[in-house]
Structures are given as C-alpha cells and as structure tokens.
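Undergrad: attaching a predicted model along with its sequence, questions to come.
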Amino acid sequence: MPQRAPVDPQAPLTQQSPYWASIARLGPIVRPIVPRLVMGLVVALAASALALAVPQVLRLVIDELLRSGTQPAAVWGAAGVVLLLGVLEATMIYLRRVLVIEPSITLERQMRTSMYDHLQDLPVSFHDRWGSGQLLSRSVADLGFLRRWLAFGAIFLVVSISTVALGVVLLFTLSWQLALIFLAAAVPIMVYGAIFRRRFSLATRRSQDQAGDLATAVEESVHGIRVLKAFGRAREALEGFTEQARHLRETEVAKARHQALFSLVVTLLPELALGTGLVTGIWLAAAGHLSIGSLAAFFATAAAVAQPVEASGMLVGMALTAKTAVDRHFEVMDAANTVADPQRPRHLVAPRGELAFRGVRFSFGVPAPHDAARPPGAAGPPAAGSPSEVLRGVDLQVRPGETMALVGATGSGKSTLLQLVPRLYDVDGGAVEVDGVDVRDLPLAELRRLVAVAFEDTTLFSSSVRENVLLGAPVQEGPEADAVLAEALEVAQAHFAYSLPDGVETRIGEEGLSLSGGQRQRIALARAIAAQPSVLVLDDPLSALDVATEERVSEGLRGALAHTTTLIVAHRPSTVALADRVALLRGGVVEDVGTHAELLGRSDHYRWVIASLPEEPRDLDRDEEPDLDTVFSEEAEAR
Ligand SMILES: Nc1ncnc2c1ncn2[C@@H]1O[C@H](COP(=O)(O)OP(=O)(O)OP(=O)(O)O)[C@@H](O)[C@H]1O
C-alpha cells in the first residue's frame, strides 16, 4: 500500500484561492434554494430594522411626549408600539428559521449524496492516495458546517453588515459629532480584521485537514486493532495518535487565540468609542447642541450597532471556515474519473470469455496525500521503462473456458495484472481484451458483469450472507436467485452459512457476525461464482483454507469453472494444480507459459518460485474440530 502522508503541522499553508472565487463555486448547487434563502434574509433584515426602530420610538417618547407633559395614555400608546415592535421582531426571527433550515438541510443531504456517488465513480487510484478520514471529514463535518453557515452564518453576516450600515446612517442623523467618534473605532477594526482573516483562514484550513488525518488514524487503528494488540503496539499507536491530536489541538488553540484577540478588539473599541461618545454627548447636550431624546436614541442605536460588530469575530470565522469547507469539497468533486465509460462503446453479444493482455504496461504513479496540494498532472504515470513500472509489456492469452494460474515471485505484479481486467486501474500502454475487444471500449457495467473478482483480502458488507453472495448476481430474488445462491455456496464449500444463527439471512460484515478468515474467503469466492461471469479473476482466494477444505473447493471450482475463463493468482502448489496452464511473471513480463510439468521441466525460475511456495496453509481454518485421537495416533506413529 502506498503511504498517505498526513498534513505536515509545520508546513506553511500559503496557497489559498481568492475568497469569492471559492464561494462562487457553490452558486449552481445553492441556486434551487436561493428564493428561500433570500426570503429568510429579507425577514432577518426586517427583524434587524425593527430592532433599530425601537430607539427612534424612545427618542420620540423622551423628546416629544415626556417633555410636553402629554397624557399618560400617549405614553402607554408608545409603550404598546415598542411591545408590538418586539413581538414583530421575534416573529421575523422565527420565520427566518422556518424559511432557511429545511432547504439548507436538504441541500446538505444532496451534496453528501453527490459526493458519495462521485466517490463510488472515482478510480481505485484516487482511493489509494486519499486517507479515508479525509473523505469522511469532508463528507460529514465540512458539509454540516456549510449547512450551518448557509442557514445562519451567511444570513447573519449580510444582516450584520446591513444593520451596521443603516445604524451608522441613523447615528449620523442623531448626531454627526458622536457618529464620527463611533466611526473612528472602525478604522483599527478594519485593519486588524484583514490580519485576522489571513491568519484565521490558514489555521482553519490546517485544522480541517488535521481533523481528517486524525479520523484516518482512528479508522486505521480500529480496523487494525487485532494486529496492534497482538504485536503489543497499542501504546505506540496511542502515542502516534496523541501526537496527531496534539498538533490538531495546537492549531485549534491558535485559531481560538486569533478569534479571541479579534473579539477583544471588536468588543473593546466600540465600548471605548461609546465611553468617549457619552462624555462628548453629555457635553453637547449641556451646551444645547443635542436633545436628551437624541442622546438616549444615539446610545440605544449605538448599542444595537455594536452587537453585530462584536459578533463579527464569530461570523468572519464562520465565513472563512465555510470557504475552506467549499475548497475541500471541490478538491474531491473536481477529481477526474479516469476510468470512465467509453465515448463510443462496443458490446459483446455472446461473450466467449477469451482474455488477452497485449503489451500491457502499468505503474502506480506517484502517490500524493491531497490532490489539491499537487499541480495538475503531477501524479501521472512515469515514463515507460522507468524503475517504478510494475508491468513492462505483458503478453498473455487465456483461451475461452481455460483456467490459467499466474505464478511469480512476491511483488512481481500478479495482483496488479488481475486488477487491470475489470478496469480497477487502466493500462498505461498496450491493452487488455475480452473476445478481442479492448476492455476500455466496453461500457463499465457490461464489463463488470462479464468479469467477477475475488481477492485474498476479502471485503464483506454489513448485510446478510444472501445479499453479500448475490451482490453481482444477475438475479437478486426469487427461486432462481435461491438456486444461484445454493450452488455458489456449494462450490465455495460455504455450507457453514446455513448453520449461522439466521442461516443465509444472518447479518455479517463490520456491523454483523464476525467470520473467520477462511469463512470470509469462501463467502467472497461464492460471490464471484454467483455473478456467473464469463471471466473470473481470483487473487489467491483459497489462502486461508486448510488443505482438506481447499481440496473440496478446488474440486467444486473445476466443475463450476469448466466454461468460465479463469485467471488465478497461485501462492500454493495446490492452487497451481487447479490450472490448465501456468503463466510465469518475472521482471514485469510473462517469461513463460505452459503446463505445470512443462514449466517445471524447462524453467529454473519457475522451479525456484514453486520451491518457495508454502506447502502448508497459512491459516488453518477447519469447520469441524480435528479428531484428536487421529492427531495423537498420527503423532505417535511419526515418533
Ligand atoms: N496500490 C498500489 N500503489 C502503489 N504501488 C502498489 C500498489 N499495489 C501494489 N503496488 C506495488 O506494485 C508492485 C506489485 O505488487 P503486486 O501486489 O501486484 O505483486 P504480487 O505479485 O501480487 O505480490 P504478492 O505475491 O506478494 O501478492 C509491488 O512493488 C507493490 O509494492
């Protein structure tokens, strides 16, 4: 497996796209809910205008009603107006929530679904480079954040800017001298705001990436918990995790410090301006340049304006985090699907299952942790003949219905060659053909119906045995599906499935019943058989079986594969025995092809490879307990 480098906590993060260029990319996605967002914005603006109207009523009450000694009824009337304004403001706030929350949640779901869909489409080479935690954090945390920003942050930012703008105009109408003092505080706020924006956006990008790496570390250690425990490496894993968590903590603390400092500036300066304004205001009122009502209204309005200014630290922080979330989202969504359907597809009407590799060249390219960190095209395949090329011109023909074993030293590229058949990767040069048609010219769905695979490292999904086995089967339900299931379980010697607590309906996989390595392999093998493919590609699918079970499976396979072209990676002589012919892979090419006996007779390298294959199974996995009497008597005989 290639290494996926986590975010370097010390690396300078300076490459940031312009803010609006990033946000504008959301345009087409957000468009359907824009009317609701605009309505939400309008009612939020109305709520803020109502809040600003209260000081005006206050001024009227003080200057006009109280001073001229009007009837108490008029004062009650004014109080009623203030109350009405308050009720209206609360209603508007409620309406805003109703208008924006539901569409923003829907949008989050849609973005998450399309990301999942895109991840399914992207080639295996993409998944080789990206840590699962990075994808997890982008599809869960980042999108959740974007929703909150759209439903709350963005609207409040616009409302805050409008409130401040309208408030400042009102302040000028009440007293231009006091308004100027108040406005003077805005200059250092704006200067410091620019510094804050730069620092915070770098820190927020780093923290979101580090959170993704941390999620990858959790995922890997949960998956590898048995290995870590068995090798007593849990402490080292914890130390590694603690180190990553420490880096994230440092970034978060730095972020919080930037935000706290900015909040201090935006809280302190308006307060200072208000204090200075109060002294000046009292002096102006005493000198008769300002009415008491205007002075009271000025300070009530200034307080209403100061509120969004004070919240600006949080709002700007949200806006910058949202921009990072958008960037991270599109880094995944922009990744091109290099293994796509052909533009002019060809079809195989009655496939015979002839498989051919013609001058196939392949290398894995240069792994990189995050696509965005690389200039486009930086990870392309190395030049032909470069040392990192795994396959350097493979020529091999497998006849229809033939079983061909692939043998070679470890790391010679056997698994790689198999993965080119269902286009998990595409060749860099040459072609893989089924019935004379380049696999790249077949629609992917058709190709993957023609070709079924079973790998040594089996993946079972959190669903029933039945669903796992019938995953690629032509029929999923009914008596025909039952028959396919039964036959596949029979050939793969996976009868144990019937004895599970709920039989073939038992839930297995990560969230279900744990199966042994050999049981998992047999389910995976049954899945490949149930797909009823024309070409079956098996990557050492019997490695975890004991000799007796392997023999029974091999026998079943010989019958079942009679009409299926099979390419099988063999790590054991017993798997080689399954094959009609054997291909010997060496130095990135097929060095020799022949029967097992022919190759034994003429190839030193083949003899060496076969001699180095293990005779015994790597992992004994018997269904039934061994007969201890027999074991003891065999041991006694041996003695
Ligand atoms: N996803 C990957 N990304 C980068 N390099 C890879 C990847 N998978 C395999 N390789 C490299 O390609 C080479 C061939 O690997 P491959 O797994 O095909 O060998 P193999 O013959 O099947 O080995 P084995 O018999 O040990 O299973 C190795 O050097 C391996 O490190």
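TA: Now that the structure is in, tell me what you want to look at.
Undergrad: Ala306 and Pro270 touch, don't they?
TA: Yes. Between Ala306 and Pro270 there is a contact under C-beta atoms under 8 Å: 4.2 Å. In this view, the C-beta of every residue, glycine as well, is placed from N, C-alpha and C.
Undergrad: what residue in the stretch 251-400 of the chain comes nearest to the ligand?
TA: Closest contact between the stretch 251-400 of the chain and the ligand, by C-beta to the nearest ligand atom, is at Phe364 (3.4 Å).
Undergrad: count of residues packed around that residue?
TA: When neighbours are counted by other C-beta atoms under 10 Å, Phe364 registers 18.
Undergrad: tell me the phi and psi of it?
TA: phi -80, psi 0 (degrees, to the nearest 10).
Undergrad: OK, contacts around it?
TA: If a contact means C-beta atoms under 8 Å, 6 or more residues apart in numbering, then Phe364 has Pro2, Ser125, Asp128, Ser388, Val390, Thr416, Tyr425 as its contacts.
Undergrad: let me know the average pLDDT across the helix or strand hosting Thr301.
TA: Secondary structure from DSSP states H and E places Thr301 in helix 292-333. Per-residue pLDDT values over helix 292-333 give a mean of 87.
Undergrad: and the stretch 301-450 of the chain, which residues reach the ligand?
TA: Residues of the stretch 301-450 of the chain lying close to the ligand (C-beta under 6 Å from any ligand atom) are Phe364, Val390, Gly408, Thr410, Gly411, Ser412, Gly413, Lys414, Ser415, Thr416.
Undergrad: among the contacts of Phe364, name the buried ones.
TA: Buried residues within the contacts of Phe364, counting neighbours by 16 or more other C-beta atoms under 10 Å: Ser125, Val390, Thr416, Tyr425.
Undergrad: just the pLDDT for the first one.
TA: Per-residue confidence at Ser125 stands at 88 (pLDDT).
Undergrad: related to what we said a few turns ago, show me what the helix holding Thr301 is packed against.
TA: On a contact count with 3 or more C-beta pairs under 8 Å, 6 or more residues apart in numbering; DSSP states H and E, helix 292-333 meets helix 19-24, helix 34-60, helix 72-121, helix 143-148, helix 154-174, helix 176-184, helix 186-223, helix 234-286.
Undergrad: can you give me the angle that helix makes with helix 234-286?
TA: In terms of direction (axes from the mean of the first three to the mean of the last three C-alpha atoms, to 10 degrees), helix 292-333 departs from helix 234-286 by 150 degrees.
Undergrad: picking up where we left off before, which ones among the buried ones among the contacts of Phe364 lie within strands?
TA: The strands, defined by DSSP state E, take in Val390 from the buried ones among the contacts of Phe364.
Undergrad: export the buried ones among the contacts of Phe364 to TSV and tack on distance to Ser48?
TA: Formatted as TSV, these follow (distance: C-beta to C-beta, whole Å):
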residue	distance to Ser48
Ser125	51
Val390	63
Thr416	62
Tyr425	56
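Undergrad: helix or strand: which one has the residue of the stretch 101-250 of the chain found nearest the ligand?
TA: Here the residue of the stretch 101-250 of the chain nearest the ligand is Asp128; by C-beta to the nearest ligand atom that distance is 4.4 Å. Secondary structure from DSSP H and E places Asp128 in helix 124-129.
Undergrad: right, and the helix or strand after that helix?
TA: Following helix 124-129 toward the C-terminus (DSSP H and E): helix 132-137.
Undergrad: show me the shaky parts of the stretch 451-600 of the chain.
TA: Residue ranges of the stretch 451-600 of the chain with pLDDT under 70: 510-513.
Undergrad: which parts of it are strands?
TA: In the stretch 451-600 of the chain, the strands defined using DSSP state E, counting those that start in this stretch lie at 451-454, 535-539, 565-569, 581-586, 589-594.
Undergrad: tabulate those strands (TSV), appending distance to the ligand.
TA: Putting these into TSV (distance: least, C-beta to the nearest ligand atom, whole Å) gives the following:
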stretch	distance to the ligand
strand 451-454	14
strand 535-539	7
strand 565-569	6
strand 581-586	7
strand 589-594	13
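Undergrad: compare these and give me the one nearest Gly193.
TA: Comparing the strands of the stretch 451-600 of the chain by their distance to Gly193 (C-beta to C-beta), the top pick is strand 451-454, with 56.0 Å.
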